[in-house]
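K.L.:
Dropping a prediction and its sequence here:
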Amino acid sequence: MASALLVTLVAAVAALGWGVEAQCPTAAELRPVNGTRLCALLYADNSPYYEQCCAGDVLEVLPGSDVPYMPRGWSARVSSLVVGTRCELTVWSRRAKKGNSRHFSPGAVPRLQEVRRGLFGDWNNAIRAFYCTCK
């Protein structure tokens, strides 16, 4: 009886989309369907579980993107990111490329809350401008 209830509960959770796993792509995987190179992917959601990070809405960043003001709906919303191979992402904590800045090298950062920003903060939901370059 208990095992049947557990199976039913797991099926219901899966049907609702809860617990759907997302895992950050590698730097080498940053190519959309059409094959165009991406500099970075910025994700709106993260999780206390690393295998469920890099989820939710995603903002594709092309090489050479210079964005002093985040696109509508993205200011102070980025919680995870992935930077492509041979690329570098520079971010700022204030609009117009002001405030604290940080450079991210190729690779995934599944939880920006673990990346220090100044003495008392972190980079979770703190990105308000960025610049991305690739070689």
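P.N.:
Done, it's in.
K.L.:
alpha carbons only for contacts and neighbour counts from here, please
P.N.:
Noted.
K.L.:
where along this protein do the helices fall?
P.N.:
2-16 (DSSP state H).
K.L.:
any idea which helix or strand of it has the worst average confidence?
P.N.:
helix 2-16 (a mean of 34; mean pLDDT, DSSP states H and E).
K.L.:
What ranges does this structure have for its strands?
P.N.:
40-45, 55-61, 66-67, 80-83, 87-94, 98-104, 107-109, 116-117, 121-122, 129-134 (DSSP state E).
K.L.:
Please give the centre-to-centre distance between stretch 31-46 and its chain.
P.N.:
9 Å (C-alpha atoms, centre = their mean, to the nearest Å).
K.L.:
hmm, back to that, got the strands of the chain as JSON lines, with mean pLDDT and mean neighbour count columns?
P.N.:
Compiled in JSON lines, these are given as follows (pLDDT from 0 to 100; neighbours: other C-alpha atoms under 10 Å):
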{"stretch": "strand 40-45", "mean pLDDT": "93", "mean neighbour count": "23"}
{"stretch": "strand 55-61", "mean pLDDT": "93", "mean neighbour count": "17"}
{"stretch": "strand 66-67", "mean pLDDT": "98", "mean neighbour count": "16"}
{"stretch": "strand 80-83", "mean pLDDT": "96", "mean neighbour count": "28"}
{"stretch": "strand 87-94", "mean pLDDT": "97", "mean neighbour count": "21"}
{"stretch": "strand 98-104", "mean pLDDT": "96", "mean neighbour count": "15"}
{"stretch": "strand 107-109", "mean pLDDT": "94", "mean neighbour count": "20"}
{"stretch": "strand 116-117", "mean pLDDT": "86", "mean neighbour count": "16"}
{"stretch": "strand 121-122", "mean pLDDT": "91", "mean neighbour count": "14"}
{"stretch": "strand 129-134", "mean pLDDT": "97", "mean neighbour count": "22"}
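K.L.:
Distance to residue 30 added to these, as a markdown table?
P.N.:
A markdown table is the format used below for the strands of the chain (distance: least, C-alpha to C-alpha, whole Å):
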| stretch | distance to residue 30 |
| --- | --- |
| strand 40-45 | 7 |
| strand 55-61 | 9 |
| strand 66-67 | 18 |
| strand 80-83 | 8 |
| strand 87-94 | 11 |
| strand 98-104 | 15 |
| strand 107-109 | 10 |
| strand 116-117 | 25 |
| strand 121-122 | 25 |
| strand 129-134 | 12 |
